[in-house]
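A.B. asks: Sharing a model that was predicted from the sequence below.
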Amino acid sequence: MSGRRVTMKLRVGNLEANGAARRGGRRRRLHGQRGFTLVEMLVVITIIGMIMALVGPRVLNYLSDSKMKAAKIQIQSFSSALDLFYLDVGRYPSSAEGLTALVRPDGGAGGWNGPYLKGGTVPNDPWGNSYVYRSPGERSAYEVRSLGADGQEGGAGSAADISSSSN
């Protein structure tokens, strides 16, 4: 080939060799594929929003109820541990000793066979607040109390106090 240039166009499917698509650069859709319109997307988002508005408060209510039940169960666990402490030592921990007497021996607790709680620490209530321990309690030899979601005495609903004397 003496000085002649040969140009070839290669076509594969709908694309030419230079990568441009046929028909003025527009892409063709494959059969059966269709996108969603803006109106369809807005309808779906609105329906999902309405469902969340109806279901959301119920889910939050169940979460609040489960925290209250967990606090009651922990208080029952403390009551069992306090009764074991009483059997070993012959008295309940004083208010000054508190619930830590269930995991660490105090010098004045002869016969201590603890720890009476697993983990070596006194857990906080489900809202992250410390439990309040009093000995003697208002209605019994001791009282263990969670101050509820608000962390203050009194309250209603999820902020209500949960006490061993009311279980």
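C.D. replies: The structure has been received and is ready for your questions.
A.B. asks: mind listing the strands for the chain?
C.D. replies: 11-12, 15-16, 132-134, 143-146, 162-163 (DSSP state E).
A.B. asks: Now do the spatially most central residue of the chain, the pLDDT please.
C.D. replies: Central residue of the chain (Cα atoms, centre = their mean): L63, 8.4 Å from the mean position. For L63, the model assigns a pLDDT of 76.
A.B. asks: gap between it and P57?
C.D. replies: 11 Å (Cβ to Cβ, to the nearest Å). Just so you know, the C-beta spots here come from the backbone N, C-alpha and C atoms, and that holds for glycine as well.
A.B. asks: got it, and S77?
C.D. replies: 31 Å.
A.B. asks: cool, S95 as well?
C.D. replies: Where P57 is concerned, S95 sits at a distance of 40 Å (Cβ to Cβ).
A.B. asks: Comparing the two, which residue is more hemmed in?
C.D. replies: More neighbours surround S95 than the other of S95 and P57, with 14 against 10 (other Cβ atoms under 10 Å).
A.B. asks: check contacts around the more buried one.
C.D. replies: Each residue near S95 by Cβ atoms under 8 Å, 6 or more residues apart in numbering is listed here: 133-135.
A.B. asks: What's the separation between it and R58?
C.D. replies: For S95, the distance to R58 - Cβ to Cβ - is 40 Å.
A.B. asks: what do you get for E153?
C.D. replies: 29 Å.
A.B. asks: again with G114
C.D. replies: Computed as Cβ to Cβ, the G114 to R58 distance reads 42 Å.
A.B. asks: Tell me who's in contact with M68.
C.D. replies: 126, 148, 158, 160, 162.
A.B. asks: Which member of the residues you listed is positioned nearest K67?
C.D. replies: P126 (4.0 Å; Cβ to Cβ).
A.B. asks: For the closest one, grab the count of nearby residues.
C.D. replies: 20.
A.B. asks: That one contacts I73, doesn't it?
C.D. replies: No: assessed by Cβ atoms under 8 Å, P126 is found out of contact with I73, at 9.8 Å.
A.B. asks: Lowest average confidence across the strands of the chain, which one?
C.D. replies: Looking at the strands of the chain, the bottom one is strand 15-16 with a mean of 52.
A.B. asks: Many thanks, we can stop here.
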